[in-house]
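A.B. asks: need the 3D shape of this:
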Amino acid sequence: MTRRRNHTVPGKSCFDDIYDQPDPRAYFRRLAPLEYRIPQHAQPLFRRVHRARAAIPGHRGPVTVLDVCCSYGINAALLNHDLTLDELYEHYTGPQARDRTRDELIAWDKEFYASRRRPDPIRVLGLDAAANPVRYALDVGLLDDGFAEDLESAPPSKRLCRAMAGTGLITVTGGVGYISARTFRALLDCAQLPVWVVAFVLRTVSYAPVARALAEYGLATEQDTDHSYPQRLFTDPAEQRSAIEALTAAGGDPTGKEADGRYHTTLYLSRPGQRQPGLDALVAEAFAHLNGGPGHDGDG
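C.D. replies: Okay, the predicted model is just below:
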(Lines give C-alpha, C1' and ligand atoms only; values in the text may rest on other atoms or scores of the structure.)
Protein backbone atom coordinates (compact mmCIF):
# COMPACT_ATOMS: atom_id res chain seq x y z
CA MET A 1 0.00 0.00 0.00
CA THR A 2 1.30 3.39 -0.88
CA ARG A 3 1.64 6.46 1.27
CA ARG A 4 -0.95 8.69 -0.47
CA ARG A 5 -3.00 6.07 -2.26
CA ASN A 6 -6.43 7.26 -1.11
CA HIS A 7 -5.99 10.59 -2.86
CA THR A 8 -6.28 8.78 -6.21
CA VAL A 9 -9.63 7.09 -5.50
CA PRO A 10 -12.45 9.64 -5.19
CA GLY A 11 -14.82 9.07 -2.28
CA LYS A 12 -12.67 6.47 -0.53
CA SER A 13 -11.73 7.15 3.08
CA CYS A 14 -8.15 8.17 3.75
CA PHE A 15 -5.87 5.86 5.72
CA ASP A 16 -2.56 7.58 4.99
CA ASP A 17 -1.64 7.66 8.68
CA ILE A 18 -1.43 3.86 8.96
CA TYR A 19 0.19 2.95 5.63
CA ASP A 20 3.73 4.15 6.40
CA GLN A 21 4.32 3.49 10.09
CA PRO A 22 7.49 1.87 11.50
CA ASP A 23 5.49 -1.29 12.35
CA PRO A 24 2.04 -2.74 11.52
CA ARG A 25 0.26 -2.29 14.85
CA ALA A 26 -1.67 0.86 13.87
CA TYR A 27 -2.58 -0.75 10.54
CA PHE A 28 -4.22 -3.75 12.21
CA ARG A 29 -5.88 -1.68 14.94
CA ARG A 30 -7.55 0.54 12.35
CA LEU A 31 -8.63 -2.17 9.92
CA ALA A 32 -9.81 -4.79 12.43
CA PRO A 33 -13.16 -3.04 13.16
CA LEU A 34 -13.69 -2.64 9.40
CA GLU A 35 -13.26 -6.41 8.90
CA TYR A 36 -10.67 -6.04 6.14
CA ARG A 37 -10.52 -9.52 4.54
CA ILE A 38 -8.93 -9.58 1.08
CA PRO A 39 -5.56 -11.14 2.07
CA GLN A 40 -7.46 -14.06 3.61
CA HIS A 41 -9.54 -14.56 0.46
CA ALA A 42 -6.38 -14.36 -1.63
CA GLN A 43 -4.28 -16.83 0.38
CA PRO A 44 -5.56 -20.16 -1.05
CA LEU A 45 -6.06 -18.74 -4.53
CA PHE A 46 -2.53 -17.33 -4.71
CA ARG A 47 -1.10 -20.70 -3.67
CA ARG A 48 -3.08 -22.50 -6.37
CA VAL A 49 -2.14 -19.99 -9.06
CA HIS A 50 1.50 -20.24 -7.98
CA ARG A 51 1.40 -24.02 -8.41
CA ALA A 52 -0.25 -23.66 -11.82
CA ARG A 53 2.41 -21.15 -12.91
CA ALA A 54 5.17 -23.51 -11.78
CA ALA A 55 3.62 -26.34 -13.83
CA ILE A 56 3.77 -24.62 -17.22
CA PRO A 57 5.82 -26.56 -19.79
CA GLY A 58 9.47 -25.64 -19.89
CA HIS A 59 9.60 -23.98 -16.48
CA ARG A 60 12.43 -25.02 -14.20
CA GLY A 61 12.99 -24.22 -10.56
CA PRO A 62 10.84 -22.29 -8.08
CA VAL A 63 8.57 -19.44 -9.14
CA THR A 64 9.32 -16.07 -7.54
CA VAL A 65 6.36 -13.87 -6.58
CA LEU A 66 6.36 -10.07 -6.63
CA ASP A 67 3.64 -8.72 -4.34
CA VAL A 68 2.77 -5.21 -5.52
CA CYS A 69 1.55 -2.73 -2.89
CA CYS A 70 2.91 -5.24 -0.39
CA SER A 71 2.47 -3.09 2.71
CA TYR A 72 3.87 -4.88 5.79
CA GLY A 73 4.21 -8.22 4.00
CA ILE A 74 0.78 -9.53 4.93
CA ASN A 75 0.27 -11.56 1.76
CA ALA A 76 3.72 -13.08 2.22
CA ALA A 77 2.91 -13.87 5.84
CA LEU A 78 -0.23 -15.76 4.85
CA LEU A 79 1.37 -17.49 1.87
CA ASN A 80 4.32 -18.89 3.78
CA HIS A 81 2.95 -19.52 7.25
CA ASP A 82 0.18 -21.57 8.82
CA LEU A 83 -1.79 -18.47 9.77
CA THR A 84 -5.11 -16.78 9.23
CA LEU A 85 -5.70 -13.06 8.94
CA ASP A 86 -7.73 -13.20 12.16
CA GLU A 87 -4.67 -14.56 13.95
CA LEU A 88 -2.63 -11.64 12.64
CA TYR A 89 -5.26 -9.21 13.92
CA GLU A 90 -5.08 -10.87 17.32
CA HIS A 91 -1.28 -10.92 17.26
CA TYR A 92 -0.82 -7.22 16.52
CA THR A 93 -3.75 -5.77 18.48
CA GLY A 94 -3.40 -7.90 21.63
CA PRO A 95 -1.83 -6.83 24.91
CA GLN A 96 1.47 -8.59 24.24
CA ALA A 97 2.15 -6.33 21.24
CA ARG A 98 0.99 -3.06 22.76
CA ASP A 99 3.99 -1.85 24.75
CA ARG A 100 6.89 -3.36 22.84
CA THR A 101 9.46 -1.18 21.14
CA ARG A 102 9.93 -1.69 17.42
CA ASP A 103 13.06 -3.78 18.02
CA GLU A 104 11.23 -5.86 20.60
CA LEU A 105 8.32 -6.36 18.24
CA ILE A 106 10.67 -7.48 15.47
CA ALA A 107 12.32 -10.05 17.75
CA TRP A 108 8.91 -11.30 18.89
CA ASP A 109 7.66 -11.47 15.31
CA LYS A 110 10.68 -13.45 14.16
CA GLU A 111 9.90 -16.13 16.75
CA PHE A 112 6.19 -16.02 15.93
CA TYR A 113 6.65 -16.48 12.20
CA ALA A 114 9.41 -19.07 12.59
CA SER A 115 7.04 -21.20 14.65
CA ARG A 116 4.40 -21.06 11.89
CA ARG A 117 6.66 -21.40 8.83
CA ARG A 118 5.34 -23.74 6.15
CA PRO A 119 7.67 -26.48 4.89
CA ASP A 120 7.26 -25.28 1.28
CA PRO A 121 7.85 -21.50 1.43
CA ILE A 122 7.50 -19.42 -1.73
CA ARG A 123 10.12 -16.81 -2.61
CA VAL A 124 8.26 -13.50 -2.23
CA LEU A 125 9.50 -10.04 -3.15
CA GLY A 126 7.64 -6.90 -2.12
CA LEU A 127 7.08 -3.57 -3.85
CA ASP A 128 5.51 -0.54 -2.19
CA ALA A 129 5.98 3.22 -2.44
CA ALA A 130 6.03 3.41 1.37
CA ALA A 131 9.46 2.63 2.81
CA ASN A 132 8.58 1.79 6.42
CA PRO A 133 6.33 -1.21 5.69
CA VAL A 134 8.84 -2.69 3.27
CA ARG A 135 11.64 -2.27 5.81
CA TYR A 136 9.57 -3.93 8.53
CA ALA A 137 8.66 -6.90 6.35
CA LEU A 138 12.35 -7.33 5.49
CA ASP A 139 13.49 -6.99 9.11
CA VAL A 140 11.01 -9.62 10.25
CA GLY A 141 11.89 -11.94 7.37
CA LEU A 142 8.54 -12.00 5.58
CA LEU A 143 10.04 -10.80 2.29
CA ASP A 144 13.06 -12.26 0.55
CA ASP A 145 13.72 -8.82 -0.92
CA GLY A 146 11.84 -5.53 -0.97
CA PHE A 147 11.67 -2.33 -2.95
CA ALA A 148 10.35 1.03 -1.76
CA GLU A 149 9.67 2.53 -5.17
CA ASP A 150 6.81 4.43 -6.80
CA LEU A 151 6.65 3.31 -10.42
CA GLU A 152 3.84 5.75 -11.10
CA SER A 153 6.34 8.60 -10.86
CA ALA A 154 9.73 7.07 -11.68
CA PRO A 155 11.18 4.10 -13.59
CA PRO A 156 12.21 1.02 -11.63
CA SER A 157 15.68 0.90 -10.15
CA LYS A 158 18.25 -1.39 -11.69
CA ARG A 159 18.00 -3.60 -8.62
CA LEU A 160 14.21 -3.94 -8.99
CA CYS A 161 14.54 -4.58 -12.71
CA ARG A 162 17.05 -7.38 -12.06
CA ALA A 163 14.68 -8.91 -9.51
CA MET A 164 11.74 -8.65 -11.90
CA ALA A 165 13.75 -10.44 -14.58
CA GLY A 166 13.51 -13.60 -12.46
CA THR A 167 9.89 -13.18 -11.37
CA GLY A 168 7.10 -15.39 -12.68
CA LEU A 169 4.02 -14.20 -10.79
CA ILE A 170 2.76 -10.74 -9.79
CA THR A 171 0.11 -10.54 -7.06
CA VAL A 172 -2.02 -7.54 -6.08
CA THR A 173 -4.72 -7.26 -3.41
CA GLY A 174 -6.48 -3.93 -3.73
CA GLY A 175 -3.67 -1.81 -5.16
CA VAL A 176 -5.19 -1.28 -8.60
CA GLY A 177 -6.67 2.19 -8.69
CA TYR A 178 -3.75 3.54 -6.70
CA ILE A 179 -1.34 2.07 -9.22
CA SER A 180 -2.14 2.14 -12.92
CA ALA A 181 -1.08 0.46 -16.13
CA ARG A 182 2.12 2.51 -15.85
CA THR A 183 3.37 0.35 -12.97
CA PHE A 184 2.59 -2.91 -14.76
CA ARG A 185 4.30 -1.77 -17.97
CA ALA A 186 7.40 -0.77 -16.00
CA LEU A 187 7.57 -4.21 -14.39
CA LEU A 188 6.90 -6.21 -17.54
CA ASP A 189 9.53 -4.24 -19.44
CA CYS A 190 12.01 -5.88 -17.05
CA ALA A 191 10.58 -9.40 -17.27
CA GLN A 192 12.52 -12.25 -18.84
CA LEU A 193 10.29 -15.14 -17.77
CA PRO A 194 6.63 -15.75 -18.63
CA VAL A 195 4.77 -13.61 -16.09
CA TRP A 196 1.28 -14.20 -14.73
CA VAL A 197 -0.66 -11.47 -12.93
CA VAL A 198 -3.37 -12.22 -10.36
CA ALA A 199 -5.23 -9.26 -8.90
CA PHE A 200 -8.17 -8.54 -6.62
CA VAL A 201 -9.66 -5.22 -7.76
CA LEU A 202 -12.38 -3.12 -6.18
CA ARG A 203 -15.60 -3.32 -8.21
CA THR A 204 -15.66 0.48 -8.21
CA VAL A 205 -12.37 0.55 -10.17
CA SER A 206 -12.03 -0.38 -13.84
CA TYR A 207 -9.40 -3.01 -14.59
CA ALA A 208 -9.74 -2.44 -18.34
CA PRO A 209 -6.73 -0.08 -18.70
CA VAL A 210 -4.48 -2.58 -16.91
CA ALA A 211 -5.84 -5.51 -18.94
CA ARG A 212 -5.16 -3.60 -22.16
CA ALA A 213 -1.62 -2.87 -21.03
CA LEU A 214 -1.03 -6.53 -20.13
CA ALA A 215 -2.34 -7.53 -23.56
CA GLU A 216 0.49 -5.50 -25.10
CA TYR A 217 2.82 -8.05 -23.47
CA GLY A 218 0.84 -11.04 -24.72
CA LEU A 219 -1.18 -11.63 -21.54
CA ALA A 220 -4.84 -12.62 -21.84
CA THR A 221 -7.02 -11.62 -18.89
CA GLU A 222 -9.76 -13.78 -17.37
CA GLN A 223 -12.32 -12.47 -14.88
CA ASP A 224 -14.07 -14.43 -12.15
CA THR A 225 -17.65 -13.54 -13.05
CA ASP A 226 -19.24 -16.01 -10.62
CA HIS A 227 -18.06 -14.52 -7.33
CA SER A 228 -17.23 -11.26 -5.64
CA TYR A 229 -14.82 -11.07 -2.73
CA PRO A 230 -15.68 -8.78 0.20
CA GLN A 231 -12.91 -6.33 1.06
CA ARG A 232 -14.06 -4.35 4.12
CA LEU A 233 -16.93 -2.47 5.69
CA PHE A 234 -17.50 1.10 4.60
CA THR A 235 -16.27 3.67 7.07
CA ASP A 236 -19.43 5.78 6.85
CA PRO A 237 -22.55 6.36 4.72
CA ALA A 238 -20.75 8.92 2.55
CA GLU A 239 -18.12 6.37 1.50
CA GLN A 240 -20.86 3.84 0.75
CA ARG A 241 -22.83 6.32 -1.36
CA SER A 242 -19.71 7.24 -3.31
CA ALA A 243 -18.93 3.58 -4.02
CA ILE A 244 -22.47 2.82 -5.12
CA GLU A 245 -22.53 5.86 -7.40
CA ALA A 246 -19.21 4.88 -8.99
CA LEU A 247 -20.31 1.29 -9.48
CA THR A 248 -23.72 2.10 -10.96
CA ALA A 249 -22.20 4.73 -13.26
CA ALA A 250 -20.02 1.94 -14.67
CA GLY A 251 -23.00 -0.35 -15.15
CA GLY A 252 -22.52 -2.47 -12.03
CA ASP A 253 -25.17 -3.70 -9.60
CA PRO A 254 -24.52 -3.07 -5.88
CA THR A 255 -27.42 -5.24 -4.70
CA GLY A 256 -26.34 -7.66 -1.99
CA LYS A 257 -22.80 -6.31 -2.03
CA GLU A 258 -21.94 -2.63 -1.71
CA ALA A 259 -25.59 -1.91 -0.92
CA ASP A 260 -25.22 -4.17 2.12
CA GLY A 261 -22.31 -2.16 3.52
CA ARG A 262 -19.05 -3.55 2.16
CA TYR A 263 -16.60 -2.91 -0.62
CA HIS A 264 -16.36 -5.96 -2.88
CA THR A 265 -13.59 -6.96 -5.27
CA THR A 266 -13.35 -8.89 -8.52
CA LEU A 267 -10.63 -11.44 -9.24
CA TYR A 268 -8.61 -11.24 -12.47
CA LEU A 269 -5.92 -13.56 -13.81
CA SER A 270 -3.69 -12.65 -16.77
CA ARG A 271 -1.50 -15.23 -18.51
CA PRO A 272 0.27 -15.69 -21.85
CA GLY A 273 -2.30 -17.01 -24.30
CA GLN A 274 -5.17 -19.25 -23.26
CA ARG A 275 -3.90 -21.80 -20.76
CA GLN A 276 -5.61 -24.56 -18.83
CA PRO A 277 -6.89 -24.96 -16.24
CA GLY A 278 -9.17 -21.96 -16.55
CA LEU A 279 -9.64 -19.44 -13.78
CA ASP A 280 -12.93 -21.06 -12.77
CA ALA A 281 -11.15 -24.36 -12.15
CA LEU A 282 -8.39 -22.67 -10.16
CA VAL A 283 -10.94 -20.89 -7.99
CA ALA A 284 -12.89 -24.10 -7.42
CA GLU A 285 -9.76 -26.01 -6.42
CA ALA A 286 -8.49 -23.23 -4.17
CA PHE A 287 -11.71 -23.01 -2.20
CA ALA A 288 -12.86 -26.61 -2.34
CA HIS A 289 -12.22 -26.98 1.39
CA LEU A 290 -14.37 -23.97 2.31
CA ASN A 291 -18.08 -24.34 2.97
CA GLY A 292 -20.06 -22.29 0.51
CA GLY A 293 -17.17 -21.45 -1.83
CA PRO A 294 -15.15 -18.27 -2.16
CA GLY A 295 -17.54 -15.45 -2.82
CA HIS A 296 -20.54 -16.05 -0.60
CA ASP A 297 -21.29 -12.54 -1.91
CA GLY A 298 -21.61 -10.77 1.39
CA ASP A 299 -19.60 -12.83 3.87
CA GLY A 300 -16.90 -10.97 5.72
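A.B. asks: quick check, pLDDT for V283.
C.D. replies: pLDDT, V283: 88.
A.B. asks: which residues in the stretch 51-200 of the chain form helices?
C.D. replies: Ranges of helices within the stretch 51-200 of the chain are 74-80, 85-93, 95-98, 102-116, 131-140, 158-165, 181-188, based on DSSP state H, counting those that start in this stretch.
A.B. asks: deepest-packed of these, please.
C.D. replies: helix 74-80 (a mean of 26; mean count of other CB atoms under 10 Å). To be clear about C-beta, it is placed using only N, CA and C from the backbone, and glycine gets the same treatment.
A.B. asks: so which elements touch that helix?
C.D. replies: Packing partners of helix 74-80 (3 or more CB pairs under 8 Å, 6 or more residues apart in numbering; DSSP states H and E): helix 38-54, strand 64-68, helix 85-93, strand 124-128.
A.B. asks: 7 Å - rerun?
C.D. replies: If contacts are counted by 3 or more CB pairs under 7 Å, 6 or more residues apart in numbering; DSSP states H and E, helix 74-80 sits against helix 38-54, helix 85-93, strand 124-128.
A.B. asks: list the buried residues for the shortest one?
C.D. replies: Of the residues in strand 124-128, those with enough neighbours to count as buried (16 or more other CB atoms under 10 Å) are 124-128.
A.B. asks: just give me the residue right at the centre of the protein.
C.D. replies: Geometric centre of the chain, nearest residue: T173, 2.4 Å, by CA atoms, centre = their mean.
A.B. asks: follow-up on the earlier one: reformat the buried residues of strand 124-128 as JSON lines; add pLDDT.
C.D. replies: Below are the buried residues of strand 124-128 laid out as JSON lines (pLDDT from 0 to 100):
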{"residue": "V124", "pLDDT": "98"}
{"residue": "L125", "pLDDT": "98"}
{"residue": "G126", "pLDDT": "98"}
{"residue": "L127", "pLDDT": "98"}
{"residue": "D128", "pLDDT": "97"}
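A.B. asks: out of those, flag the one nearest to E216.
C.D. replies: L127 (20.3 Å; CB to CB).
A.B. asks: that closest one pairs with what?
C.D. replies: In this structure, L127 bridges to V68, F147 when assessed by DSSP bridges.
A.B. asks: any idea how far it is from A281?
C.D. replies: 29 Å (CB to CB, to the nearest Å).
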